[in-house]
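Asks: Provided below are the primary sequence and the corresponding predicted coordinates.
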Amino acid sequence: MIKNDTNKQEVTITRDTVNGLMETIRNLYLADDIPWVIGYSGGKDSTATLQLVWLSLMELPLKNRKKTVHIINTDTMVESPVIEQWVTKSLTKMEITAKENNLPFVTHRLTPDENNTFWVNFLGRGYPFPRKKLRWCTDRLKIQPVNNFVKSAIAEHGEIIMVLGTRKAESQRRARTMAYYEKKRVRELLSPNPTMANELVFSPLEEWNDNDVWVFLMQYKNPWGYSNQELLTLYKGATADNECPMMVEKNLPSCGKSRFGCWVCTMVEKDKSMEAMIANDDEKSWMTSLLEFRNRFGDEEHDRERRSFKKMQGYLQGSYGQLHHGPYKKEIREQWLRQLLEIQLDINENGPEEFADLELITLPELRNIRRIWVYTKHEFDDSLPRIYESVMKKPFDDPEWIGSGAYGHIEWEILKKTCADMFPEEELAFELLYNLIDTENQANSVNQRKGILDSLEKCIKHNFYTDETDATNYYARQLERKKDMGGRYNTKFFAHIQDEGGEFEDVPEEEEN
């Protein structure tokens, strides 16, 4: 074995090791008709895994290459633009090369549901930026798209084999997890997936270390015609220790500490990867605006003041004498949308030519955000098209939009000024009135009148406080009264408050880490 003094890791693989592993891959491929799914992130581990399988199957006779191998890449739609471009080009090369050489590889780009993207949840619904106590992004952006694809494959074939680049050397936690599922293997080399029935996991690199991966990539030419040397250059431009793993479990390490993660990731205090890429390469200085924007909205010290003192569903909840704040306020969401569009326009016009068409946020996302603001949050002034047109200098394209027509920006401003003049001490008067008016306006037909009184009552219950201090005092008094009078006392009366609990307790359970 060759000693590597730089990383103090020994290279454990030899050419015979690699050849033996390729033979194992071919035997496993030919053993049954179960289709394979390979997770490809564009990083070193997934590249080495795919390259190993590709080189193995190239040696098979054409008649034996019958079983499809699906290559899936999860595009969160907030990937680092440099890495996103790298992955897009590599997938295109794979598709072309596979067809030219009659290889059974088929590429798939998986994306989140268009109403469940990062920006729709963050800017649309006002979800607080992801953090350890509220890691809502992983499930929505990565796990769900993969699971949906896998479920469809399982439904068609009854079973699939997921091929991943996971390695025991990545961390002690990863090693323990892989060792645990090794004991549960139903057949040689195939471990069960704890979160998906009828899915088996094959990890050909499980015993490799970092240096093994790089030695393999540098000594074996990339078979779909991409440059592994350029991949190494990408890694040299960053300083973090791991690539973003293929997310198939909620408790895997976050992408925040990886080289190739989402540029919006706030799971760590600083994005050292992007900082290093910008510092090490003058040609990537255009990414500075992305880093600065991420740091602004990921500022936890000032986050509480940017959010409503009511929870996502409108009720109160708190502990230790203060309320737990909920979604971002209207003006904050609008401010961040404007800044995001300004950054996108600046990159399109002044950044590298290959990013002239870069979309940091897509039109379908903007349309969904518009609908959440107007229909769900009752913000009938419909500000999104105005923000878009003032920044992008072109009309907002939304052909399927059906607005109420009864109220708009002018009426919104009149109502806002009237409330400020008549009720200067009542901070929630405006929110109460625009919620009542729009709730009534949306129920403008006989078929929509069912439950209207309950909806109006809910608006009043959620907005009758003078300000946050008044709401905090009211919440404390009612909880004390409830404790004194008994847990079931006048349950309906307390429907707009909840007992003391965690800050993010109104977030659906499947979105919590």
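Replies: Yep, it's here.
Asks: if I read this right, residue 86 contacts residue 234, doesn't it?
Replies: Yes - with contact defined as Cβ atoms under 8 Å, residue 86 counts as touching residue 234 (6.9 Å). Glycine gets a C-beta too; all of them are placed from N, C-alpha and C.
Asks: Strands of the chain, residue ranges please.
Replies: 2-4, 9-11, 36-39, 69-74, 105-110, 160-163, 191-192, 199-202, 318-319, 322-323 (DSSP state E).
Asks: would TSV of the ones you listed with distance to residue 131 be doable?
Replies: Listed next are these as TSV, based on distance: least, Cβ to Cβ, whole Å:
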stretch	distance to residue 131
strand 2-4	37
strand 9-11	33
strand 36-39	26
strand 69-74	21
strand 105-110	25
strand 160-163	29
strand 191-192	31
strand 199-202	29
strand 318-319	17
strand 322-323	18
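Asks: Reformat these as CSV; add mean neighbour count and mean pLDDT.
Replies: Below are the strands of the chain laid out as CSV (neighbours: other Cβ atoms under 10 Å; pLDDT from 0 to 100):
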stretch, mean neighbour count, mean pLDDT
strand 2-4, 12, 41
strand 9-11, 14, 80
strand 36-39, 23, 94
strand 69-74, 23, 96
strand 105-110, 16, 96
strand 160-163, 24, 91
strand 191-192, 20, 70
strand 199-202, 21, 87
strand 318-319, 17, 87
strand 322-323, 17, 91
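Asks: Identify whichever of those lies nearest to residue 477.
Replies: strand 318-319 (12.4 Å; Cβ to Cβ).
Asks: partners of that closest one in the sheet?
Replies: strand 322-323 (antiparallel) (DSSP bridges).
Asks: And for the partner strand, what's in contact with it?
Replies: 309-310, 316-317, 468, 471-472, 475 (Cβ atoms under 8 Å, 6 or more residues apart in numbering).
Asks: give the contact list for residue 300.
Replies: residue 131.
Asks: Now do the buried residues in stretch 146-165.
Replies: Judged by neighbour count (16 or more other Cβ atoms under 10 Å), stretch 146-165 contains these buried residues: 146-147, 149-150, 153-154, 160-165.
Asks: separation between residue 420 and residue 468?
Replies: 18 Å (Cβ to Cβ, to the nearest Å).
Asks: which residues of this protein score low on pLDDT?
Replies: 1-9, 169-188, 193-197, 238-260, 445-447, 486-497, 499-501, 507-513 (pLDDT under 70).
Asks: what do you get if the cut-off is 80, keeping everything else the same?
Replies: Applying pLDDT under 80 to the chain flags residues 1-9, 168-189, 191-198, 235-261, 268-277, 279-282, 404-405, 444-448, 482-513.
Asks: related to what we said a few turns ago, report the two of the buried residues of stretch 146-165 separated the most.
Replies: Using Cβ to Cβ, those span at most 21.4 Å, a distance reached by 154 and 165.
Asks: Relative to residue 399, how far out is residue 89?
Replies: For residue 89 relative to residue 399 (Cβ to Cβ), the value is 32 Å.
Asks: I meant to write residue 100 there.
Replies: 40 Å.
Asks: Likewise for residue 47?
Replies: For residue 47, the distance to residue 399 - Cβ to Cβ - is 41 Å.
Asks: Looking at the two, which one has more neighbours?
Replies: Legend: neighbour count by other Cβ atoms under 10 Å for residue 47 and residue 399, higher for residue 47 (22 against 5).
Asks: For the more buried one, which residues are in contact?
Replies: Contacts of residue 47 (Cβ under 8 Å, 6+ apart): 40, 165, 217, 222, 228, 231.
Asks: Can you point out the buried residues in stretch 316-332?
Replies: Of the residues in stretch 316-332, those buried (16+ other Cβ under 10 Å) are 316-318, 323-330, 332.
Asks: Ignore what I typed, I meant stretch 393-409.
Replies: 396, 398, 407.
Asks: Can you add distance to residue 428 and give the buried residues of stretch 146-165 back as CSV?
Replies: Converted to CSV, those look like this (distance: Cβ to Cβ, whole Å):
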residue, distance to residue 428
146, 42
147, 41
149, 45
150, 46
153, 50
154, 50
160, 52
161, 56
162, 50
163, 55
164, 50
165, 52
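Asks: Is it possible to get TSV of the buried residues of stretch 393-409 that adds distance to residue 134?
Replies: Shown next, in TSV, are the buried residues of stretch 393-409 (distance: Cβ to Cβ, whole Å):
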residue	distance to residue 134
396	31
398	30
407	34
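Asks: just the residues you listed now: which is nearest residue 345?
Replies: Looking across the buried residues of stretch 393-409 and measuring by Cβ to Cβ, the closest to residue 345 is residue 396, at 13.9 Å.
Asks: surely the closest one meets residue 382?
Replies: No - look at residue 396 against residue 382 with Cβ under 8 Å: they stay out of range, at 10.1 Å.
Asks: Ramachandran coordinates for residue 129?
Replies: Main-chain dihedrals, residue 129, degrees, to the nearest 10: phi -60, psi 150.
Asks: can you count the residues close to the residue nearest to it when sequence neighbours are not counted?
Replies: Spatially, and ignoring its direct neighbours in sequence, residue 129 is nearest to residue 266 (4.6 Å; Cβ to Cβ, 6 or more residues apart in numbering). Using other Cβ under 10 Å, residue 266 is surrounded by 23 other residues.
Asks: Enumerate every residue touching residue 266.
Replies: With Cβ under 8 Å, 6+ apart, residue 266 has these contacts: 129-131, 256, 294, 297-298.
Asks: Tell me how many other residues crowd residue 425.
Replies: 8.
Asks: what about the closest residue in space to it that isn't next to it in sequence, distance to residue 432?
Replies: Leaving aside its chain neighbours, residue 425 sits nearest to residue 466 (6.4 Å; criterion: Cβ to Cβ, 6+ apart). Separation of residue 466 from residue 432 (Cβ to Cβ) stands at 11 Å.
Asks: the more surrounded of the two?
Replies: Shown here are residue 466 and residue 432; by other Cβ under 10 Å, residue 432 has more neighbours (18 against 15).
Asks: Roughly how far does that one sit from residue 339?
Replies: Computed as Cβ to Cβ, the residue 432 to residue 339 distance reads 29 Å.
Asks: re earlier: need the contact list for the residue nearest to residue 425.
Replies: Contacts of residue 466 (Cβ under 8 Å, 6+ apart): 425-428.
Asks: what do you get for residue 81?
Replies: Counted by Cβ under 8 Å, 6+ apart, residue 81 has contacts 263, 287, 290, 347, 355, 358.
Asks: Verify the contact between residue 190 and residue 198 for me.
Replies: No - if you go by Cβ under 8 Å, residue 190 and residue 198 don't touch, sitting 11.9 Å apart.
Asks: Neighbour count: these two, which is higher?
Replies: Per other Cβ under 10 Å, whichever of residue 190 and residue 198 has more neighbours is residue 190, with 19 against 16.
Asks: Show me what the residue nearest to that one when sequence neighbours are not counted is bridged to.
Replies: Once flanking residues are discounted, residue 190 sits nearest to residue 200: 4.1 Å by Cβ to Cβ, 6+ apart. On the basis of DSSP bridges, residue 200 is bridged to residue 161, residue 192.
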